[in-house]
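Visitor: the sequence isn't on hand, but the structure is:
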């Protein structure tokens, strides 16, 4: 089998409005796992890498992100919009993909789709096992002559070399509620070294305090409904320059302003839980809303179905470190 032709056959379906996307994405994953010769299922590939600014997930878990079909398709469509914008503005492009996992699966479709354009790709991955499989995958797909650079470093600390100027930066290194992984620190490190017109994907991530409720008193047979009350944290170029992201030079640490959310009696009367809600603008029109993906699944905080108080005050502040998360205190 010509793996390169098979990759092109499968990934071209992502850009065909008449395609069965679910089937195409399953084929895509099967092809990539086949290329890895199933070595990716070894026990060692299940281990996360603990870093100063959060976790880099294990090779197998990174590969299995392809199972989140809506997430994968939305990211691919968003990246395509960004590339099409940029190739109409410039003669050459540089795309940096930080946190590639073992397959660089969000960018592989474009290496072939835009093979006739002058595009340089930089693949940045810290997990050494993922990094080795990534290089092997590119070789087996016969893509080595497509201007691909490999960088085995921590994206939260990587410093751009001279004349290194990405036009598009892609990094999906996150879980719901921006827990555990390095997305925020990756964004901060890479965007502050970039030009003002560099496109970052995802373009914006917001966390909000919300509540869940049921339509009636039978939760076992009713779907949950979520209501957003107050946005408390944002990852975007606008937020980076807003004064809510605070870099302390003395401690060399990134900090964020604290937010206060007040839930009053009227809002609490129908609520059963307090949750953190995640919304992602991947690029322009491509978005992931609540429960569209594992990345936007609400995070349960507290059961308030028997709440008797007139109001609840929730103090929230995002923190970075070995266990990044939105810290909450309910008063």
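Guide: Good, I have the coordinates. Values in this document were obtained by computation on a predicted structure and should not be read as measured data. Numbering: from 1, shown residues only.

Visitor: adjacent strands (with direction) for the least confident helix or strand in the chain by mean pLDDT?
Guide: Using mean pLDDT, DSSP states H and E, the weakest-scoring helix or strand in the chain turns out to be strand 245-248, at a mean of 86. With DSSP bridges as the criterion, the sheet partners recorded for strand 245-248 are strand 253-256 (antiparallel).

Visitor: flag every buried residue along the strand it pairs with.
Guide: Neighbour counts using 16 or more other C-beta atoms under 10 Å place 254, 256 of strand 253-256 among the buried residues. The way it works is simple: take the backbone N, C-alpha and C, and place the C-beta from them, glycine included.

Visitor: repeat that for stretch 164-183.
Guide: Going through stretch 164-183 with 16+ other C-beta under 10 Å, the ones that come out buried are 166-183.

Visitor: so which of those belong to strands?
Guide: Per DSSP state E, strands hold the following members of the buried residues of stretch 164-183: 168, 169, 170.

Visitor: tell me, how many residues neighbour the residue lying closest to residue 307 once chain neighbours are set aside?
Guide: The spatially closest residue to residue 307, leaving aside those adjacent along the chain, is residue 268, at 5.4 Å (C-beta to C-beta, 6 or more residues apart in numbering). Counted with other C-beta atoms under 10 Å, residues neighbouring residue 268 total 19.

Visitor: returning to what we had before: run the chain-centre distance for the least confident helix or strand of the chain.
Guide: 22 Å (C-alpha atoms, centre = their mean, to the nearest Å).

Visitor: ok, now stretch 54-74?
Guide: Relative to its chain's centre, stretch 54-74 lies at 9 Å (C-alpha atoms, centre = their mean).

Visitor: ends of that stretch, what's the gap?
Guide: Across stretch 54-74, the straight-line distance between its terminal residues is 25 Å, by C-alpha to C-alpha, to the nearest Å.

Visitor: what's the mean pLDDT across it?
Guide: Stretch 54-74 carries an average pLDDT of 96.

Visitor: picking up where we left off before, with distance to residue 305 and pLDDT added, can I get the ones in strands among the buried residues of stretch 164-183 in CSV?
Guide: What follows is these, written out as CSV (distance: C-beta to C-beta, whole Å; pLDDT from 0 to 100):
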residue, distance to residue 305, pLDDT
168, 45, 98
169, 43, 98
170, 41, 98
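
Visitor: thinking again about what came up before, thinking the residue nearest to residue 307 is in contact with residue 312, fair?
Guide: Yes - the pair formed by residue 268 and residue 312 meets the contact definition of C-beta atoms under 8 Å, at 6.6 Å.
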